[in-house]
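J.: I would like the atomic coordinates for the input below:
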Amino acid sequence: MSTYVYLNGNLVPSDQAAVSVFDAGFLHGASTFTTMYAHNGKVFRLDRHLARLMDTVKVLELRTDATEASLTQAVYRLLRANGMSRFVPPKGGAGDTAAAFAAVAEMPAEVPPVDEFLTDAPAGDDATKPLGDARMRLTITPGSVHGGVPTTLVTAEPLPPYPANWYEKGVTVIVSSFKQAPADVIFGNKTGCYLPRILARQEAAHKGAEEALWFTTENLLAEACFNNVFLVFKGTVYTPPRDTPILPGIVREAVLEICSQLDIPSNDQMPLTVKEMLLADEVFLTGSTTGIRPVARIERHAVAEEKPGPITRRLMDAYRELVERETK
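T.: As a prediction, the model looks like this:
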């Protein structure tokens, strides 16, 4: 079966999709994106991803004709076309589906209804066939620097299982040689200017590690290349404040909610330094597709006897249950 991408209102075979050589995202990195996790044919917390995406559009002043409602339609239209979803959101209920339909009701009459967008499943789609997990990316740019139609691109690919030992034994991280500058707009926002993070991730790989932790120019712990970071110290879960700056991760937000539900003390307001990092009883990372990953080592420094700690394990279990519950 051919795979498709969603590009500016159309489903296009992935090997035929193209954007202008004058696209501002291509030329200048003028873009924003979000990476999402689809499970059981539904995107986990799609509404939160889209709200953050549109907030970044405003911060970067990107020209776009996309709305949260049109992007919701695009996401599920693509998943259906690629055989990754049979989900048609009901016209009621809680969460992102209700919000999507509320938004759709306010759209202009010429925009097709959601149900029409969600009929692109390939012929012979087997209603009993298990749906694999998918990694989705939604990218917005202002389009060509010469004007014209802004670019909206959605991709969806199968997400193979990550190595089991990441979750059973924990990962190794390094401290990146790169620094985050608080006044730089690319930090704290999901922009297309990702080369420094890719280079830092390569630096980690060269040292046999899975991730790299970033500190700011003021020596405050910020985040990992592609993940948020949490510390556990004396029973309290800590994560760097939003204004460090750090990206307001969707799973980061979910973990803080879970802490409240499980009566685990948490603190997302206290600035953290290398001292707190090295004193931590447990450390873990969070990301949309990777979920919660325990950290066993920071460079040569052992964390939690080089195995997942008890609070990390509780949060991992609760997070898996949350994802299953919200993607039924």
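J.: Would you map the helices across this protein?
T.: Ranges of helices in the chain, per DSSP state H, are 24-28, 46-60, 68-81, 96-105, 114-117, 164-168, 195-206, 250-261, 274-279, 310-326.
J.: which of the ones you listed is buried the deepest?
T.: Neighbour counts (mean count of other C-beta atoms under 10 Å) averaged over each of these peak at helix 68-81, with a mean of 24. The C-beta positions use only the backbone N, C-alpha and C, and glycine is treated the same way.
J.: That helix to helix 46-60, inter-axis angle?
T.: Angle of helix 68-81 versus helix 46-60, following axes from the mean of the first three to the mean of the last three C-alpha atoms, to 10 degrees, is 130 degrees.
J.: Begin at 744 from now on, thanks
T.: Shifting the count to begin at 744 puts that one at helix 811-824.
J.: Report all helices and strands that helix 811-824 contacts.
T.: Helix 811-824 sits against strand 747-750, strand 753-756, helix 789-803, helix 839-848, helix 857-860, strand 877-884, strand 894-901, with contacts defined as 3 or more C-beta pairs under 8 Å, 6 or more residues apart in numbering; DSSP states H and E.
J.: Of all those, which one is nearest residue 773?
T.: Residue 773 lies closest, by C-beta to C-beta, to one member of the helices and strands packed on helix 811-824: strand 877-884, at 6.1 Å.
J.: tell me which residues in the closest one are buried?
T.: Counting neighbours by 16 or more other C-beta atoms under 10 Å, one finds that the buried residues in strand 877-884 are 877, 878, 879, 881, 882, 883, 884.
J.: if I pick the fifth one, what's in contact with it?
T.: Meaning residue 882. 768, 774, 775, 776, 894, 895, 896, 897, 935 (C-beta atoms under 8 Å, 6 or more residues apart in numbering).
J.: Once you drop chain neighbours, what's closest to the third one?
T.: It refers to residue 775. Nearest non-adjacent residue to residue 775, counting by C-beta to C-beta, 6 or more residues apart in numbering: residue 799, 4.2 Å away.
J.: so who does the one you found touch?
T.: So residue 799 contacts 775, 805, 932, 933, 934 (C-beta under 8 Å, 6+ apart).
J.: Which one of the residues you listed sits in the busiest neighbourhood?
T.: Counting neighbours by other C-beta atoms under 10 Å, the top entry in the contacts of residue 799 is residue 775, with 24 neighbours.
J.: what bridges to the residue nearest to residue 779 when sequence neighbours are not counted?
T.: Distances taken as C-beta to C-beta, 6+ apart place residue 879 nearest to residue 779, at 4.3 Å, with adjacent residues excluded. Counting by DSSP bridges, residue 879 forms beta bridges with residue 779, residue 899.
J.: Which pLDDT does the model give residue 875?
T.: The model reports residue 875 with a pLDDT of 87.
J.: how far away is it from residue 827?
T.: Using C-beta to C-beta, to the nearest Å, residue 875 is found at 7 Å from residue 827.
J.: list residues touching both of the two?
T.: Taking C-beta under 8 Å, 6+ apart as the criterion, residue 875 and residue 827 both touch residue 901.
J.: Between these two, which is the more surrounded one?
T.: residue 827 (23 against 15).
J.: residues contacting the more buried one?
T.: Neighbour list for residue 827: 781, 784, 874, 875, 877, 899, 901 [criterion: C-beta under 8 Å, 6+ apart].
J.: is it true that the last one touches residue 877?
T.: Yes: with contacts counted by C-beta atoms under 8 Å, residue 901 reaches residue 877, the gap being 6.1 Å.
J.: thinking again about what came up before, return a PyMOL selection command for the buried portion of the contacts of residue 827.
T.: With 16+ other C-beta under 10 Å as the criterion, this PyMOL line picks the buried residues out of these:
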select buried, resi 781+784+874+877+899
